[in-house]
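Novice: Quick one, what's the 3D model for this:
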Amino acid sequence: MGFFRARKDIFIQEGMNMEYKGIIITGTSGGGKSTIAGRLCEKFKEFQVVQAVTTRKPREDDLSNMYQYMSKEEFDKLDKDRKLLIKANYREDYCGITNQALKIVLDNSRVPLLVLTPESTKSLEEDSKERGEFKYFIIFLDAPDDVLDSRLVERREEINNNVEKQRREDRIYGKNCLYAISNTDDVDIEDTAQLIYSLWGYRDIGGMLPKKVIELMVKCGMLLKNAEIKDKVSGASFDLSLGDQYWQDGKKRDLDNTNPFIKLKPGDYALVSSKETADFPRDIAGRFDLSVGLFCQGIILSNGPQVDPGFKGGLFCLLFNTSNATISLKRGQHYATIEFIKLLEPTTPYSGKYQGKDGIMAYLPNPAEPSVITKIIEDVDALKSAKWWEKTMPLILSTVAIVVAIGMAVILFVIRE
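Specialist: Residues are numbered from 1 along each chain as shown. The predicted model follows:
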């Protein structure tokens with residue numbers, strides 16, 4: 001943390017204000033907000049949870065000193081005296097955070113962690129933006145429905161239509177958050193805490209993502225979906241694997257165990273897919289290029305390699321065989337490498353027609369014909385294998401006829417002039 005402290009000192013010396021004054025950890029019920037907040041504070045002493053006030057009864061998973069439990073009358077008095085920074089009604093209970101609780105954390109020179117429901121976060125965001133004061137770094141935690149249900153059952157909470165409705169509404173808000181983490185049971189809590197710590201540390205820094213951050217983000221359901229990490233991440237890039245969908249000779253095709261190869265003849269091309277799909281935050285862009293091994297064989301990647309910030313969907317590229325030999329590409333092989341660039345600040349996410357599309361047909365509005373170069377090569381090969389006068393005589397006669405016709409046309413044009 002010496003590096004981050006040094007950066008903060010520089011900002012203070014130069015009279016600049018840090019953009020964020022704290023972190024909001026929000027997400028679906030059962031997403032693990034309190035657990036992650038507690039682990040952050042245990043692992044990194046720079047953080048401190050801002051104590052909340054609530055009218056609900058204590059739960060077994062409540063962290064020590066995270067909540068101050070009170071009656072409805074006591075909560076109403078805090079609200080009436082305007083001592084609440086934020087308040088919310090959640091499942092017939094009231095909860096909130098007082099201005100004094102936030103001040104205590106700031107006075108301790110700690111980074112405030114506010115554990116809030118999406119509804120409370122949205123309310124605080126809207127109220128603060130009206131005054132131009134919203135300076136919170138939002139992390140949204142979620143998990144698949146079956147995982148959330150099992151966690152709620154462990155907490156002896158009823159799963160009903162209201163819970164499911166609230167979950168859908170929470171996820172709608174989560175789509176607008178800068179970072180959404182998949183906090184499943186398969187993800188180590190240490191990795192989730194380390195990722196949030198890293199994201200906070202790099203919050204005002206731009207540049208290429210290093211290996212450690214790429215691994216953490218992919219593990220926690222960001223950057224790439226359907227991605228395996230082992231032996232895939234190098235210093236600052238990720239090795240993409242050849243997916244099952246591809247387009248060749250005017251047809252959509254699929255690779256499987258019985259047909260695992262794409263064969264590119266000399267001069268031929270194919271539109272290929274990655275096994276991995278993109279899930280980029282709106283402050284991260286990507287660039288990918290062909291593997292060195294395929295490039296040295298004579299394969300080139302002929303489309304633009306940039307992936308826009310906020311893009312979610314399939315990754316496709318056009319491969320062209322410039323060599324004079326047939327080249328085979330195997331299902332799942334490393335064929336391209338992608339790098340990730342963090343922007344200096346979040347931008348408007350990609351909203352084009354390919355957003356959310358992972359099927360190859362969505363990228364082909366018009367039928368693609370087989371390569372013209374391949375057809376020429378096939379014609380030349382056929383010509384070589386036949387008697388030259390049987391194949392070339394019609395071509396010669398046609399050429400002579402065209403030349404004569406052009407000559408006559410020129411003569412007639414001159415005469416008219």
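Novice: CA atoms for contacts and neighbours, from now on please.
Specialist: Fine.
Novice: Report the contact partners of L199.
Specialist: Shown in contact with L199 (Cα atoms under 8 Å, 6 or more residues apart in numbering): no residues.
Novice: any idea how far G356 is from it?
Specialist: Look at L199 and G356: by Cα to Cα, to the nearest Å, they are 25 Å apart.
Novice: mind checking how far L106 is from T121?
Specialist: 19 Å.
Novice: More neighbours: those two, which one.
Specialist: Neighbours were counted for L106 and for T121 using other Cα atoms under 10 Å; T121 has more, 23 against 16.
Novice: Shouldn't that one be within a helix?
Specialist: Yes: under DSSP: H, G, I helix; E, B strand; the rest coil, T121 falls within a helix.
Novice: Count the residues that sit near the closest residue to E60 other than its chain neighbours.
Specialist: Leaving aside its chain neighbours, E60 sits nearest to R155 (7.7 Å; criterion: Cα to Cα, 6 or more residues apart in numbering). R155 is flanked by 13 other residues according to other Cα under 10 Å.
Novice: Also I300?
Specialist: As a burial measure, I300 scores 19 neighbours (other Cα under 10 Å).
Novice: I'd say it and C317 touch.
Specialist: No: with contact defined as Cα atoms under 8 Å, I300 does not reach C317; the gap is 10.2 Å.
Novice: what's around Y90, how many residues?
Specialist: Around Y90 there are 14 residues (other Cα under 10 Å).
Novice: From R167, how far off is it?
Specialist: Distance from Y90 to R167, by Cα to Cα: 12 Å.
Novice: Now the helix or strand hosting I36: buried residues?
Specialist: Under the criterion of DSSP states H and E, I36 resides in helix 33-43. Of the residues in helix 33-43, 33-34, 36-41 count as buried by neighbour count, 16 or more other Cα atoms under 10 Å.
Novice: hang on, the earlier thing: what separation is there between the residue nearest to E60 and E73?
Specialist: Taking Cα to Cα, one finds R155 at 26 Å from E73.
Novice: what's the answer for S273, then?
Specialist: Computed with Cα to Cα, the distance linking S273 and E73 is 60 Å.
Novice: Please identify which of the two sits among more neighbours.
Specialist: Neighbours per residue (other Cα under 10 Å) separate S273 from E73, with S273 holding more: 23 against 10.
Novice: The more buried one pairs with what?
Specialist: F316 (DSSP bridges).
Novice: For K312, which non-adjacent residue is closest in space?
Specialist: Nearest residue to K312 in three dimensions, chain neighbours excluded: D279, at 4.4 Å (Cα to Cα, 6+ apart).
Novice: Can you pull the phi/psi pair for that neighbour?
Specialist: Main-chain torsions, D279, degrees, to the nearest 10: phi -150, psi 80.
Novice: got it, and Q194?
Specialist: Dihedral pair for Q194: phi -60, psi -40, per degrees, to the nearest 10.
Novice: do the same with Y136
Specialist: The phi/psi pair for Y136 (degrees, to the nearest 10) reads phi -120, psi 140.
Novice: Pretty sure it sits against Y20.
Specialist: Yes: in this structure Y136 lies within contact range of Y20 using Cα under 8 Å: 5.1 Å.
Novice: So between those two, which is more surrounded?
Specialist: Y136 (20 against 16).
Novice: So in terms of bridging, what pairs with that one?
Specialist: Beta-bridge partners of Y136, as defined by DSSP bridges: G22.
Novice: OK, contacts around it?
Specialist: 20-24.
Novice: Over to R39?
Specialist: Per Cα under 8 Å, 6+ apart, neighbours of R39: 189-190, 193.
Novice: Dump those to a markdown table, plus pLDDT and distance to R56.
Specialist: Listed next are the contacts of R39 as a markdown table, based on pLDDT from 0 to 100; distance: Cα to Cα, whole Å:
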| residue | pLDDT | distance to R56 |
| --- | --- | --- |
| I189 | 95 | 26 |
| E190 | 96 | 29 |
| A193 | 97 | 27 |
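Novice: between those residues, which is closest to L114?
Specialist: The nearest member of the contacts of R39 to L114, counting by Cα to Cα, is A193 at 14.9 Å.
Novice: Reduced to three states, what does the closest one come out as?
Specialist: Under three-state DSSP, A193 comes out as helix.
Novice: do you know how far the closest residue to T337 other than its chain neighbours is from G206?
Specialist: Nearest non-adjacent residue to T337, counting by Cα to Cα, 6+ apart: D239, 4.5 Å away. Distance of D239 to G206, given as Cα to Cα: 22 Å.
Novice: Those two: which has the busier surroundings?
Specialist: Taking other Cα under 10 Å, D239 and G206 do not tie; D239 has more neighbours (23 against 14).
Novice: For that one, give me its contacts.
Specialist: Contacts of D239 by Cα under 8 Å, 6+ apart are 232-233, 334-338.
Novice: The same query, at a cut-off of 10 Å, please.
Specialist: 227-229, 231-233, 276, 288, 290-291, 333-339 (Cα atoms under 10 Å, 6 or more residues apart in numbering).
Novice: How about P144?
Specialist: Counted by Cα under 10 Å, 6+ apart, P144 has contacts 31, 182-185.
Novice: Next step: the residues you listed restricted to strands.
Specialist: Among the contacts of P144, DSSP state E puts S182 in strands.
Novice: Which one of the contacts of P144 is nearest to L364?
Specialist: The nearest member of the contacts of P144 to L364, counting by Cα to Cα, is S182 at 31.7 Å.
Novice: mind listing what that closest one touches?
Specialist: By Cα under 10 Å, 6+ apart, the neighbours of S182 are 31, 140-144, 192, 217-222.
Novice: Buried only: go through those residues for me.
Specialist: So, by 16+ other Cα under 10 Å, the buried ones in these are 31, 140-143, 192, 217-222.
Novice: domain ranges for this structure?
Specialist: 2-205, 238-363, 372-407 (automatic domain parsing).
Novice: I'm done for today, thanks for sticking with me.
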